[in-house]
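Colleague: fold the stuff below for me.
(chains A, B and C, ligands or ions: 3)
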Amino acid sequence: MSSLLTHIAISDGKVKRASLEVLSRCKELAGQHGHTAEAMIIDPDAAEYVDRIKEYGAEKVYLVEDPIFKNHINIPLLKALNSVITQANPYLVAFASTESTKDILGALAAKQDAAVLSDVSTFSLTDNGVEATRPVMAAKILSDTQAKGDQILVSVRSGSYDLIESPSDPEIITVDFNFEEHELKATLREVLGASGDKIDLSEAETIVAAGRGTKDDKGQALIEELADVLGAAIGASRALTEAGIMDPSLQIGQTGKVVSPQLYIAVGISGAIQHVAGMANSKVIVAINKDPDAPIFDIADYGIVGDLYKVLPPFIEELKKIKN
Amino acid sequence: MKFYVCIKQVPDVNAPIQIKEGQLLQDTDRMILNAYDASAVEEALKLTEDHGGEVEVVSVGPAKTTEAIRKALAMGADKAVHIETDGNRNFDSASYAEILAAFFEDKEYEVISCGKQSQDTDAGLTGGMLAEKLDLPYSTNAVGLDIENDKLIVKRQGDAGQEMIALPAPCLVTCSNDMNEPRIPSLKGIMQSKKKPVETIKLSSIGIDESTLEPQTQVTGYREKPARQAGEKFEGEPDELAKKVANLLDEEANAI
Amino acid sequence: MEEKFDCIIIGAGVAGLAAAMTLARNNMKFLLIEKGEFAGSKNVSGGVLWGHDLAKLVPNYWEEEDTGWERFINHRRLTFMDDEAAFSVDFKSSHFNEPPYSGVVVLRSKFDRWLAGKVQDAIDESDYAMDSFIATNIKVDEVLMEDDKAVGIRTGEEEFHAESVIIAEGVNNLLTRQVGLQDDYVPADHVLTGIKEIIRYDQEVLENRFQLNGKSGMSNEFVGYATDGVEGGGFLYTNKDTISIGLVLGLKDLREKEKSPHDVLNHFKAHPVIADTIRGGEVVEYSAHVVSSGDMQIMPKKLYKDGLLICGEAANLLMNAGKAIQGMDYAMRSGILAAETIVNAREHNDFSSETMKEYRSALDDSYVMKDMRDFQDAVHMLHQPAMYKNVPNLMCGLGKKFFTIDNKPTKKARKLMSEAVKEHSSWWELIKVGIKGAKSL
Ligand SMILES: Cc1cc2nc3c(=O)[nH]c(=O)nc-3n(C[C@H](O)[C@H](O)[C@H](O)COP(=O)(O)OP(=O)(O)OC[C@H]3O[C@@H](n4cnc5c(N)ncnc54)[C@H](O)[C@@H]3O)c2cc1C
Ligand SMILES: Cc1cc2nc3c(=O)[nH]c(=O)nc-3n(C[C@H](O)[C@H](O)[C@H](O)COP(=O)(O)OP(=O)(O)OC[C@H]3O[C@@H](n4cnc5c(N)ncnc54)[C@H](O)[C@@H]3O)c2cc1C
Ligand SMILES: Nc1ncnc2c1ncn2[C@@H]1O[C@H](COP(=O)(O)O)[C@@H](O)[C@H]1O
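Modeller: Numbering: from 1, shown residues only, chains lettered A, B, ... in the order given. Ligands and ions are numbered 1, 2, ... in the order given. Got it, this is the predicted structure:
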């Protein structure tokens, strides 16, 4: 019997939902295969988040606390992960596929000489390894993939699994960690435009996504208003992030974020495969586009063919009515 | 600065594909330069144009990989190394990282630049693996690069904000295509590329025995995605459409 | 130092590639420029490449492992349709089975890339392995002329010079107009649009349905209902595991009848006979492209100038006389002839019209111009309602009467014929068409 260790990502003082999805899945697998589900939190105030983890059945929680984890820096994070893994000696280490994870996953695999599967949409255990599905070719198709080895790392796309509550009373293990300035080869100078109060796209219930069709001020204003009414997060296609009209962290798609909200409203977005790659798993998709042949309509549950400048105002009004 | 840019030739995701008995078939077996690598090449070219230096591209792959290499040379890279592999083998990121690490062992450079991921597999692993194996400071998902004395200044797209990171050379960085618009090779560039040096080397020459390269991960098959059905498409008077759909969202889909 | 080429070829379609291959084989220093991302990327067409010229360019191409072509034609069918029936003239013969084949089906995006690869090989074996180029993703903006002699090309800011220029830019011949060899205005009734869908099947299903054997294939042309009353015709070709099905329609007639090519195609596919033929496939590609009418009136006045030659569909070399569309083979032959003229010019170091005009006479002596001249009437006839309405209706009418057996005294075919004629046309009408047809084919 060995352990399945989930890394718990913290952002803006909150446990990332995606990490809990992964923990839930690991707990499930641990049950099926007689392993234990464990978790690790690497954060200046790691201990504060233990209570949240308890709800999802971790049997051990490893804590690494150090001020240096205030911001994401790969070298100390790698060192911390390495010490936890050395101590816990898990069979599987699972991550939510965040940008921070992507930053360290390859290096960690090389450091641990572990097999690694990144960005999987499902994963399960086999007698000699891990079996996973990965979206490939810009998420046009799925590949069945296997990893063999004494230790295996996986990162999981957000929204791939549901949360399953199963309260537990985990053993808390604080892993001692010290980090010398000189080890820090790279220096983090500053963090720009951290979207503090903005809603985290990968966790948003509703997303209003703006495309090239909305690039002028009038279009942007309409997008904001629509998002307001719905209490939605705002996302963007590459056309807008590229043009500097929207913050790059809002890009949805192959290069940008993968999202899976309950409602996704694509306004003035053509639906190129690289964009669809990031949002095709949304529950309900609405598309507003003046080109009836735009590919976005092929995946939209509700398509409105029309000029967004004419459609959005009445749309927003109607939504307001419905809301109150 | 001396830049090595690792470039990969990948199948064109826009070309029609089909799946037969779990195998992935491309109607026109069109291979292209990985878009993220094109951005890496572009940025290396810009930086060496402003600060001096040299751009050399490295690619591991079968004989026909030369197409991607020519493209990079036509864009302006000075020279290229083609580490030739047997076309019938599939390697994973770890295998490529191992090969590249062996190649770089005795090389002199300030920066190794990779794409943030392969356009076809989206693995996003090779860069980090390579940095670890070569024990280089590194950063991933760069959306901007600059040079300050002997440091590479990386603007990295994080989960929320953008992190400004200074990496001392030698270092490794992986590039996002949000960094720039790769130049389209000019006719002159295409002509010159033919005369630029391309060194083709065998794996054995960097001390690697292809037969013992066993990938730890393997693709066992490909599947169609459960297709998403197109729903209703409404055309007509904007006002009515807006009202109709808003209410459908509320009552039918109860998504509001 | 700025290098001067023997020749710059504009366009890596069939004509340009054929010319390039010929130049490479003859040790010429040349530049082949294609605006598409790769040869064939811009090319929607595809169909049957008739004749034996491919075997000249790529000897024994049929022995190749990775072939650029789909199937060879040993089964041909011409079908007349009304709204419920189809009357076919069907011919299949094993004499077609021996290479060099007299027709192979190609998909251009694949074929052009494959042929470009062959040209590259030929370049690599030539004396100018390092100095001749195939450059893609480059659009030629202008042919550089100095006192009416072509001296090179301009793309963006860059200029390149050459002894000669071959324009092989295809039907949308802007550069041909720029050098003043084609009037800017081409009357709409001389322009056709070709639309095509590619439908995929399981290869075995396809081979069983069309009785294909190994690499053998079928080509089927359609007249009548196919075009929903719009002038033109339809085609169906079998590829490896797909079919190409489409129409070539008169632009003017489409406009007048206010129909979109796509609607007409769906109309065609809905015909009971066609619906049965194409059942079960998955449409994987749709494309539309202009096709020239093959009317000699719109051929450029001249096909050459000092240091300049025009070949392929840029010169409107195309024939659509009902029994087949011939554009690729014309393009191929004219490309070869143009290149041979350049080779000759190089030898005598004279690129003036004096030498260039040899191209025109070579073309006139070839089957290309002979056919274009001889079949002009057929071309014109195709554009007459009689051809795409009355005749097909009549054929089907006759067919119905002739093949229906319903416990009534069977009438003699002659009588059936006259009945059919009365219903759908008139003897007079028919005689006119008949005589024309007899003359024209
Ligand atoms: C390797 C790679 C990775 C990529 N990653 C991403 C990614 O992560 N995310 C991403 O989004 N893209 C990505 N792209 C780019 C992608 O291919 C498309 O270029 C991009 O998504 C286009 O954005 P768009 O739909 O907003 O713009 P367009 O494709 O230009 O579409 C604009 C649409 O708006 C409609 N429109 C215009 N005006 C109006 C109006 N008044 N009313 C209604 N509709 C209107 C038009 O009909 C059109 O359909 C990537 C590309 C590559 C090669
Ligand atoms: C639907 C359809 C079906 C057809 N079916 C058949 C058939 O069954 N049999 C047959 O024989 N013919 C068929 N044809 C006709 C045939 O496709 C053409 O006659 C043939 O392709 C002409 O060849 P070309 O080389 O002259 O021109 P093209 O094949 O059109 O090649 C021209 C090339 O030049 C390039 N180019 C153009 N301008 C520039 C520029 N400024 N700079 C750089 N490059 C440039 C273009 O990108 C293109 O690649 C069909 C056509 C259509 C549309
Ligand atoms: N065969 C290869 N040759 C050269 N570079 C490669 C190769 N494979 C991966 N890379 C580099 O690693 C990046 C992608 O990593 P990955 O997504 O793990 O495949 C690419 O953008 C390249 O920079």
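
Colleague: how about stretch A:132-146, does it get close to chain B?
Modeller: Yes - counting by Cβ under 8 Å from any Cβ of the partner chain, chain B has neighbours in stretch A:132-146: A:133-146. To be clear about C-beta, it is placed using only N, CA and C from the backbone, and glycine gets the same treatment.

Colleague: tell me the contacts of C:L254?
Modeller: C:T193, C:V230, C:S260, C:P261, C:V264 (Cβ atoms under 8 Å, 6 or more residues apart in numbering or on different chains).

Colleague: what about whatever residue of chain B ends up closest to chain A, neighbour count?
Modeller: Closest approach of chain B to chain A (Cβ to the nearest Cβ) occurs at B:G128, with a separation of 2.7 Å. Here the number of neighbours of B:G128 (other Cβ atoms under 10 Å in any protein chain shown) works out to 30.

Colleague: do the same with A:G303
Modeller: By other Cβ under 10 Å, 26 other residues sit near A:G303.

Colleague: in a strand, it, correct?
Modeller: Yes - under DSSP: H, G, I helix; E, B strand; the rest coil, A:G303 falls within a strand.

Colleague: skipping adjacent residues, who's closest to it in space?
Modeller: B:K233 (3.8 Å; Cβ to Cβ, 6 or more residues apart in numbering or on different chains).

Colleague: which SS state does that neighbour fall under?
Modeller: In three-state terms, and counting by three-state DSSP, B:K233 is strand.

Colleague: mind checking pLDDT for it?
Modeller: Looking at B:K233, its pLDDT reads 94.

Colleague: repeat for the one 10 residues further on
Modeller: Reading off the confidence values, B:K243 has pLDDT 95.

Colleague: nearest residue to it other than its sequence neighbours?
Modeller: The spatially closest residue to B:K243, leaving aside those adjacent along the chain, is A:E318, at 5.0 Å (Cβ to Cβ, 6+ apart).

Colleague: against A:S83, how distant is the closest residue to A:S11 other than its chain neighbours?
Modeller: Spatial nearest neighbour of A:S11, excluding adjacent residues (Cβ to Cβ, 6+ apart): B:D159 at 6.1 Å. Distance, B:D159 to A:S83, by Cβ to Cβ, to the nearest Å: 23 Å.

Colleague: out of these two, which sits in the busier spot?
Modeller: More neighbours surround B:D159 than the other of B:D159 and A:S83, with 23 against 17 (other Cβ under 10 Å).

Colleague: how many other residues sit next to whichever residue of the stretch 1-150 of chain C sits closest to ligand 1?
Modeller: Nearest to ligand 1 in the stretch 1-150 of chain C, going by Cβ to the nearest ligand atom, is C:E37, at a distance of 12.8 Å. By other Cβ under 10 Å, 14 other residues sit near C:E37.

Colleague: once you drop chain neighbours, what's closest to B:A74?
Modeller: Leaving out its chain neighbours, the residue that sits closest to B:A74 by Cβ to Cβ, 6+ apart is B:P185, at 3.5 Å.

Colleague: one step back: now the contacts of C:L254 in TSV, with distance to ligand 2?
Modeller: Shown next, in TSV, are these (distance: Cβ to the nearest ligand atom, whole Å):
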residue	distance to ligand 2
C:T193	8
C:V230	15
C:S260	15
C:P261	10
C:V264	13
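
Colleague: tell me, how many residues neighbour the closest residue to ligand 1 within the stretch 151-256 of chain B?
Modeller: The stretch 151-256 of chain B approaches ligand 1 most closely through B:N177 (5.3 Å), counting by Cβ to the nearest ligand atom. Residue neighbour count, defined by other Cβ under 10 Å, stands at 25 for B:N177.

Colleague: go on, C:I195?
Modeller: C:I195, neighbours per other Cβ under 10 Å, totals 22.

Colleague: who's in contact with the helix or strand containing it?
Modeller: Using DSSP states H and E, C:I195 sits within strand C:191-200. If you take Cβ under 8 Å, 6+ apart as the criterion, strand C:191-200 is touched by B:18, C:44-46, C:107, C:232, C:239, C:241-252, C:254, C:261-262, C:264-265, C:269, C:278, C:281-293, C:320.

Colleague: which members of those residues are positioned in strands?
Modeller: Using DSSP state E, B:18, C:46, C:107, C:232, C:242-250, C:282-292, C:320 are the members of these that sit in strands.

Colleague: A:S270 - that's part of a strand, no?
Modeller: No - under the criterion used here (three-state DSSP), A:S270 is coil, not part of a strand.

Colleague: ok, now which ones touch it?
Modeller: A:S270 is in contact with A:G211, A:R212, A:N289, A:D291, A:A294, A:P295, A:I296, counting by Cβ under 8 Å, 6+ apart.

Colleague: now do the helices in the stretch 151-256 of chain B.
Modeller: B:187-195, B:238-251 (DSSP state H, counting those that start in this stretch).

Colleague: what of the stretch 1-150 of chain C?
Modeller: With DSSP H, counting those that start in this stretch as the criterion, the stretch 1-150 of chain C has helices spanning C:14-25, C:53-57, C:108-125.

Colleague: contacting residues for the closest residue to ligand 3 within the stretch 201-350 of chain C?
Modeller: Nearest residue of the stretch 201-350 of chain C to ligand 3, counting by Cβ to the nearest ligand atom: C:V284, 28.0 Å away. Applying Cβ under 8 Å, 6+ apart, we find C:V284 in contact with B:P16, C:I198, C:I199, C:R200, C:T242.

Colleague: repeat that for B:K46.
Modeller: The contact partners of B:K46, by Cβ under 8 Å, 6+ apart, come to B:N180.

Colleague: overlap between the ones in strands among the contacts of strand C:191-200 and the residues near ligand 2?
Modeller: Subset of the ones in strands among the contacts of strand C:191-200 in contact with ligand 2: C:G246, C:H289, C:V291, counting by Cβ under 6 Å from any ligand atom.

Colleague: so which of those wins on neighbours?
Modeller: Top of these by neighbour count (other Cβ under 10 Å): C:G246, with 27 neighbours.

Colleague: ok, the nearest residue to the residue of the stretch 151-256 of chain B closest to ligand 1 once chain neighbours are set aside - how many residues close by?
Modeller: Leaving out its chain neighbours, the residue that sits closest to B:N177 by Cβ to Cβ, 6+ apart is B:S39, at 4.5 Å. Residues lying near B:S39 (other Cβ under 10 Å) number 25.

Colleague: same question, the one 5 residues further on
Modeller: Residues near B:A44, counting by other Cβ under 10 Å, number 29.
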